[in-house]
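S.K.: What shape does this take:
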Amino acid sequence: MNSRLVGVGVGPGDPELVTVKGVNALREADVVVVPVMDTMERGRAEATVLHYVPGEKVVRVVFALNERSDRGRREAAWDAAGDRVAELLRAHDAVAFATIGDPNVYSTFTYLAQTIAELVPGTVVETVPGITAMQDLAARSGAVLTEGTEPLTLVPVTAGAAVLKDALAGPGTVVAYKFGRQAHEVAEALRETGRLADAVWGSALGLPEESVRPAAELDETPLPYLSTLIAPARREGGRGGKL
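M.R.: Purely as a prediction, here's the structure:
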């Protein structure tokens, strides 16, 4: 039988937000891979996974998670990571890959799956969805993501603040991911588009160092890289106004 590689979304950090299906997938796997930037660190995915599986079942694999300036270094890290996971798949029937959030939303898993398809042909690739940071932030802040016919736009600010500004100028709710290093530019974009007052941001959701704050408090202070922002749609007309 062909080996299985299962990408498991383990949510934004709160271990109680891992789905029952996700927990079962982690426990049924022979090995659970967790992505790290350094083998000596315990990342957020691993911290969540350890609530459900023993440590001896977890394997840290180094990925150049935030490397954008040095393509050569990034590619070398990706190749090494792919080789390590391929090695595990050749030795085991089922390997789970734990990723924060959802494995199909800006996840390391999608790139890994492409690599494994080349290195270990015939591997069965599956995913288990996870709760995303925008869903968790909406729940913790009381922000409503969508109503009626409103669109929802998700923007990674690593693509540039200009991309976010264009989204904010449009309709519906806008969610920004990975904006911590450009918090000042994000605040300016919100201000210029008249979307600052109702916007909220959060980081380390579900963890002891959690922060959920109004976007109006953003200044030039650096924020955690994985900070999330919700700028709700402009809503008028009372209940059901967008139906």
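S.K.: Does anything pack onto the biggest helix by length in the chain? Which helices or strands?
M.R.: Assignment by DSSP state H gives helix 71-91 as the longest helix of the chain. The contact analysis (3 or more CB pairs under 8 Å, 6 or more residues apart in numbering; DSSP states H and E) places helix 71-91 against strand 31-36, strand 58-62, strand 94-99, helix 108-119. Bear in mind the C-beta positions are built from the backbone N, C-alpha and C, glycine included.
S.K.: in its sheet, what does the shortest one sit against?
M.R.: In the sheet, strand 58-62 lines up against strand 31-36 (parallel) (DSSP bridges).
S.K.: what sits against residue 50?
M.R.: Neighbouring residues of residue 50 by CB atoms under 8 Å, 6 or more residues apart in numbering: residue 58.
S.K.: Tabulate the helices and strands packed on helix 71-91 (a markdown table), appending mean neighbour count, mean pLDDT and distance to residue 188.
M.R.: Output for the helices and strands packed on helix 71-91, formatted as a markdown table (neighbours: other CB atoms under 10 Å; pLDDT from 0 to 100; distance: least, CB to CB, whole Å):
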| stretch | mean neighbour count | mean pLDDT | distance to residue 188 |
| --- | --- | --- | --- |
| strand 31-36 | 23 | 95 | 32 |
| strand 58-62 | 18 | 94 | 36 |
| strand 94-99 | 26 | 98 | 31 |
| helix 108-119 | 17 | 93 | 30 |
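S.K.: separation between residue 140 and residue 12?
M.R.: With distances taken as CB to CB, to the nearest Å, residue 140 is found 10 Å from residue 12.
S.K.: So those two - more neighbours on which side?
M.R.: The neighbour count for residue 140 versus residue 12, taken as other CB atoms under 10 Å, is higher for residue 12 (29 against 16).
S.K.: hang on, the more buried one packs against residue 101?
M.R.: Yes: counting by CB atoms under 8 Å, residue 12 does reach residue 101; the two are 6.1 Å apart.
S.K.: which residues are in contact with both of those two?
M.R.: Common contacts of residue 12 and residue 101 (CB under 8 Å, 6+ apart): 131-133.
S.K.: Show only the entries of the residues you listed found in helices.
M.R.: Applying DSSP H to those, the entries found in helices are residue 133.
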